[in-house]
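Trainee: Here is my input; please provide its structure:
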Amino acid sequence: MSASEPREVEHEITVSAPAADVYRLIAEVENWPRIFPPTIYVDHLERSGTEELIRIWATANGEAKNWTSRRVLDPEGLRIVFRQQVSTPPVATMGGTWIIEPLPAGESRVRLLHDYTAINDDPANLAWIEEAVDRNSRSELAALKTNVELAAASEELTFSFEDTIEIDGSAKDAYDFVNEAGLWSERLPHVATVRLTEDTPGLQTLEMDTRAKDGSVHTTKSYRVCLDGEKIAYKQTTLPALMNLHTGYWTFRETETGSTASSQHTVVLRAENIEKILGPDAGVDEAREYVRSALSTNSRATLGHAKNHAEARR
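Mentor: Next up is the predicted model:
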């Protein structure tokens with residue numbers, strides 16, 4: 001098979017939600033890390049009318065990859081055409097279309113079409129891409145179905161918050177402290193051990209064991225996207241029992257008097273584990289407070305040490 005004859009595959013799923021609602025969810029790429037399990041982070045590079053250029057960081061077959069994709073939005077036709085601008089090996093070209101079709105009784109059929117070629121048309125590469133496309137497509141469509149159908153129920157379980165500190169030092173030095181997470185076991189008291197890999201510059205895999213207030217140790221794994229000394233976005237893939245999802249980002253900004261550093265979290269609680277973890281009298285409010293306190297305690301500790309690191313280098 002030559003590069004001029006791409007392979008084509010299609011996946012579909014039926015969703016119990018109006019087609020227009022499903023379309024909007026797919027069109028709003030900034031929410032993809034919360035909707036699609038493989039997606040780590042998405043950023044807009046260009047926007048003009050119905051066309052946009054986005055950069056996507058996601059996992060494929062357990063490996064973190066990133067690429068840029070141009071999209072053409074058709075809200076009236078309920079279609080989104082996408083084409084990768086710069087693909088990551090072993091992919092040579094990749095594109096496709098989202099098609100949302102109204103069904104009776106307020107349901108929708110979501111069709112996800114892909115076409116692709118592999119570098120040098122290598123059979124092993126084609127097999128790798130086929131497996132990745134199939135796994136990610138099934139995962140994306142199942143997650144889309146779940147998130148649309150449970151939107152009302154999830155609203156109560158989803159919350160975000162942010163902690164910010166002022167620093168009498170440079171944003172770049174504070175950024176470096178958070179970026180150099182491989183040194184956290186030496187620099188942060190609540191981190192017992194840490195394993196950091198960065199095979200692609202700016203794309204990190206971070207595993208660490210952290211100590212809670214009660215002395216217990218928890219293992220977490222996150223993928224991190226490090227952006228130009230100003231932002232580090234992440235998605236946690238190994239989660240504590242009270243969370244269905246945890247994404248966030250660190251931001252660093254210069255000010256007239258120094259700089260600021262912030263830590264933002266977005267969490268979806270795992271409702272079925274609240275009583276098991278917090279007791280029979282606990283509800284969503286108690287779980288939100290518990291999770292927020294735990295995350296904020298660690299974030300503020302890290303921000304405080306980043307502040308000390310930056311101020312010591314003035």
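Trainee: Going along the chain, name the helices of this protein.
Mentor: Secondary structure of the chain (DSSP state H): helices at 19-27, 32-35, 123-149, 151-157, 171-179, 184-187, 274-278, 284-311.
Trainee: Of all those, which one is nearest Ala60?
Mentor: Ala60 lies closest to helix 123-149 among the helices of the chain, at 4.1 Å (C-beta to C-beta). To be clear about C-beta, it is placed using only N, CA and C from the backbone, and glycine gets the same treatment.
Trainee: in the closest one, what's buried?
Mentor: For helix 123-149, the neighbour count (16 or more other C-beta atoms under 10 Å) marks 125-126, 128-129, 132-133, 136-137, 140-141, 143-145, 147-148 as buried.
Trainee: from those residues, which two are the most distant?
Mentor: The widest separation within the buried residues of helix 123-149 (C-beta to C-beta) is 33.7 Å, between Asn125 and Val148.
Trainee: Show me the residue sitting in the middle of this protein in space.
Mentor: By C-alpha atoms, centre = their mean, the chain has its centre lying nearest to Ile40, at 2.7 Å.
Trainee: Just confirm Ile167 contacts Thr260, I think it does.
Mentor: Yes. The pair Ile167 and Thr260 passes the contact test of C-beta atoms under 8 Å, sitting 6.7 Å apart.
Trainee: and the two? which has more neighbours close in?
Mentor: The residue with more neighbours, out of Ile167 and Thr260, is Ile167; 25 against 18, by other C-beta atoms under 10 Å.
Trainee: Can you name the residues bridging to that one?
Mentor: Ser259 (DSSP bridges).
Trainee: Give me the pLDDT for it.
Mentor: The model reports Ile167 with a pLDDT of 98.
Trainee: Please give me every residue in contact with it.
Mentor: When contacts are counted by C-beta atoms under 8 Å, 6 or more residues apart in numbering, Ile167 touches 174, 258-261, 306-307, 310-311.
Trainee: if you set the cut-off to 7 Å instead, what comes out?
Mentor: 174, 258-261, 307, 310-311 (C-beta atoms under 7 Å, 6 or more residues apart in numbering).
Trainee: gap between it and Leu183?
Mentor: Going from Ile167 to Leu183 by C-beta to C-beta, to the nearest Å gives 19 Å.
Trainee: hmm, back to that, in PyMOL, select just the buried ones from the contacts of Ile167.
Mentor: Per 16+ other C-beta under 10 Å, the buried members of the contacts of Ile167 correspond to this PyMOL selection:
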select buried, resi 174+258+259+260+261+307+310+311
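Trainee: out of the contacts of Ile167, who's nearest Thr197?
Mentor: Ala174 (22.8 Å).
Trainee: Contact partners for Ala17?
Mentor: Neighbours of Ala17 in contact, by C-beta under 7 Å, 6+ apart: 108, 148-149.
Trainee: doesn't Val133 make contact with Ala60?
Mentor: No. Counting by C-beta atoms under 7 Å, Ala60 stays clear of Val133, with 8.5 Å between them.
Trainee: Any idea how many residues pack against Glu52?
Mentor: Residues lying near Glu52 (other C-beta under 10 Å) number 19.
Trainee: For it, which non-adjacent residue is spatially closest?
Mentor: For Glu52, ignoring the flanking residues on the chain, the nearest one in space by C-beta to C-beta, 6 or more residues apart in numbering is Arg71 at 5.3 Å.
Trainee: Pull up the per-residue confidence for Arg79.
Mentor: 98.
Trainee: contacting residues for it?
Mentor: By C-beta under 7 Å, 6+ apart, the residues touching Arg79 are 97-99.
Trainee: picking that back up, okay, the contacts of Ala17 in a markdown table with distance to Ser216 next?
Mentor: Shown next, in a markdown table, are the contacts of Ala17 (distance: C-beta to C-beta, whole Å):
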| residue | distance to Ser216 |
| --- | --- |
| Ser108 | 44 |
| Val148 | 36 |
| Glu149 | 35 |
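Trainee: Who are the contact partners of the nearest residue to His44 once chain neighbours are set aside?
Mentor: Nearest non-adjacent residue to His44, counting by C-beta to C-beta, 6+ apart: Ile54, 5.7 Å away. By C-beta under 7 Å, 6+ apart, the contact set of Ile54 is 29, 42-45, 68-69, 71.
Trainee: looking at the sheet around Gln65, what are its partners?
Mentor: Small correction: residue 65 is Lys, not Gln. Under the criterion used (DSSP bridges), Lys65 bridges to Ala58.
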